[in-house]
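> Turn this into a model:
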Amino acid sequence: MDGMMKAAYLPGNSTVDLREIPIPTPGYGQVLVKMKASTICGSDIRAIYREHTGKGPEGYQNKVAGHEPCGQVVEEGPGVRRFKAGSRVIVYHISGCGLCHDCRMGYQISCSSPLRAAYGWQRDGGMEEYVVCDEKDLIELPDELTYTDGAQVACGFGTVYEGIEKIGISGNDAVLVTGLGPVGLATLMLARKLGANKLIGVENNPYRLELAKKMNLADVVLDSNENTVDEILALTGGQGVERAIDTSGADPARQIAIRATRAWGRIALVGEGGTVHFNPSPDMLHGQKTVYGSWVTSLARMETLVEELVRWNLHPEELVTNRFSIDDVSKAYELMDEGKCGKVAICFDEELR
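Predicted coordinates:
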């Protein structure tokens with residue numbers, strides 16, 4: 001496909017560089033995907049937009065931004081076997097070597113090869129009108145889900161689902177979620193569908209506190225302060241929650257998640273960055289608690305999540321509070337950085353509404 005297209009780059013000074021570049025051509029085993037929706041992740045803001053602070057897997061190599069892409073295949077390269085022109089696809093946002101142990105388990109996020117390249121970090125991502133994708137990185141998007149639903153699955157909902165599956169959530173569990181940004185809100189949505197008997201959310205951003213209450217995603221929403229653990233204990237008969245997930249990456253929130261979990265409970269740390277300080281014996285060992293680290297998900301589990309969303313009639317796009325065209329991509333990143341929003345999406349064609 002000949003012609004030019006618009007594409008967004010992040011210089012690392014809280015601005016966006018929107019350029020006109022040639023539409024790329026897919027190579028062997030690749031397809032050209034016309035973008036329909038590409039959402040902004042908090043890690044884009046933390047490690048690229050404000051300043052290029054990421055290293056290793058988060059090292060930004062001046063590529064087209066955006067690692068939550070979803071769209072439709074419009075052109076096939078040679079050797080493509082499954083996804084053809086017209087296929088609706090979610091892009092799993094890390095392209096692994098396909099041969100290391102983690103890749104063979106479907107966890108391309110943990111690929112140990114120098115060939116590993118994340119969309120929007122080390123190879124061109126979704127903040128452009130067309131993106132070249134390796135066919136092996138694609139997940140089928142059912143007709144029941146919108147492209148904006150799919151963009152949410154590409155990172156945020158997939159990441160949450162992995163953490164939830166690690167700790168297990170059922171009707172036996174009261175669940176605490178610390179950090180009510182888009183990933184925290186996604187956690188509440190999925191935990192509810194999995195049967196959690198009580199959902200407690202904790203946040204210190206006033207806008208996000210009110211958004212969580214307005215969306216009625218939790219039974220109780222608490223402001224984060226020095227009394228929060230005691231408030232959670234009071235809500236759970238003095239025992240604490242069976243399961244806790246931190247999506248904030250903030251030290252105080254992680255402490256709350258660990259300390260407000262009851263004996264024999266499980267905690268998942270999903271939020272990136274930051275540190276955590278706690279006292280191993282009273283906070284964890286003596287209560288026989290287990291803390292899990294969780295990073296994105298596998299291709300297979302992302303496919304399972306998509307099936308579950310259809311079965312549950314659950315639409316991740318409900319968390320999108322603001323949609324922008326590619327021409328207004330600077331405004332989109334500025335709003336996401338400000339934090340007075342839910343999820344922010346760059347949308348194309350029918351998704352821009």
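> can you count the residues close to Leu141?
23 (other CB atoms under 10 Å). To be clear about C-beta, it is placed using only N, CA and C from the backbone, and glycine gets the same treatment.
> Distance-wise, check it relative to Ile346.
To Ile346, Leu141 is 17 Å away according to CB to CB, to the nearest Å.
> cool, Leu10 as well?
Where Ile346 is concerned, Leu10 sits at a distance of 13 Å (CB to CB).
> who's more crowded, those two?
Counted by other CB under 10 Å, Leu10 and Ile346 do not tie: Ile346 has more neighbours, with 30 against 27.
> Check the spacing between the more buried one and Asn313 real quick.
26 Å.
> Run through the helices of this structure in chain order.
Secondary structure of the chain (DSSP state H): helices at 42-44, 101-104, 147-152, 158-167, 182-193, 206-215, 228-235, 251-259, 280, 299-312, 329-338.
> now those helices in CSV, with distance to Val64 and mean neighbour count?
CSV is the format used below for those (distance: least, CB to CB, whole Å; neighbours: other CB atoms under 10 Å):
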stretch, distance to Val64, mean neighbour count
helix 42-44, 12, 24
helix 101-104, 23, 16
helix 147-152, 15, 28
helix 158-167, 21, 23
helix 182-193, 21, 25
helix 206-215, 29, 17
helix 228-235, 40, 18
helix 251-259, 32, 22
helix 280, 43, 9
helix 299-312, 22, 17
helix 329-338, 11, 19
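> Can you say which of those is nearest to Tyr92?
Taking CB to CB, helix 299-312 is the member of those nearest to Tyr92, at 5.6 Å.
> could you check the angle helix 182-193 makes with the closest one?
On the basis of axes from the mean of the first three to the mean of the last three CA atoms, to 10 degrees, helix 299-312 is oriented at 60 degrees to helix 182-193.
> As TSV, the helices of the chain with mean pLDDT and distance to Gly29 would be great.
As requested, those are arranged in TSV below (pLDDT from 0 to 100; distance: least, CB to CB, whole Å):
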stretch	mean pLDDT	distance to Gly29
helix 42-44	95	27
helix 101-104	98	15
helix 147-152	98	21
helix 158-167	98	23
helix 182-193	98	31
helix 206-215	96	41
helix 228-235	98	50
helix 251-259	98	41
helix 280	97	47
helix 299-312	98	15
helix 329-338	98	29
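> These: which one's closest to Arg81?
helix 299-312 (15.3 Å).
> And for that closest one, what's in contact with it?
Contacts to helix 299-312, defined as CB atoms under 8 Å, 6 or more residues apart in numbering, come from residues 90, 92, 106, 108, 139-142, 144-145, 149-150, 153, 157-158, 161-162, 165, 193, 297, 314-316.
> repeat that with 6 Å
92, 106, 139, 142, 144, 158, 161, 193 (CB atoms under 6 Å, 6 or more residues apart in numbering).
> What of stretch 137-154?
By CB under 6 Å, 6+ apart, stretch 137-154 touches 36-39, 68, 70, 83, 88-93, 95, 302-303, 310, 315-317, 320, 345, 351.
> Return it as PDB; C-alpha atoms alone will do.
Only the C-alpha atoms of stretch 137-154 are listed here, as PDB (Å, rounded to 0.1, in the frame of the first residue of the first chain):
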ATOM      1  CA  ASP A 137       1.600 -11.500  17.800                       C
ATOM      2  CA  LEU A 138      -2.100 -11.300  16.900                       C
ATOM      3  CA  ILE A 139      -5.200 -12.300  18.900                       C
ATOM      4  CA  GLU A 140      -8.500 -12.600  17.100                       C
ATOM      5  CA  LEU A 141     -11.100 -10.000  18.100                       C
ATOM      6  CA  PRO A 142     -14.600 -11.400  18.100                       C
ATOM      7  CA  ASP A 143     -17.400  -9.400  16.500                       C
ATOM      8  CA  GLU A 144     -19.100  -9.100  19.900                       C
ATOM      9  CA  LEU A 145     -16.300  -6.800  21.000                       C
ATOM     10  CA  THR A 146     -15.400  -3.300  19.700                       C
ATOM     11  CA  TYR A 147     -11.900  -2.300  18.600                       C
ATOM     12  CA  THR A 148     -11.700  -0.100  21.700                       C
ATOM     13  CA  ASP A 149     -12.500  -3.100  23.800                       C
ATOM     14  CA  GLY A 150      -9.700  -4.900  22.100                       C
ATOM     15  CA  ALA A 151      -7.200  -2.100  22.700                       C
ATOM     16  CA  GLN A 152      -7.900  -2.400  26.400                       C
ATOM     17  CA  VAL A 153      -7.200  -6.100  26.300                       C
ATOM     18  CA  ALA A 154      -3.900  -5.600  24.600                       C
END
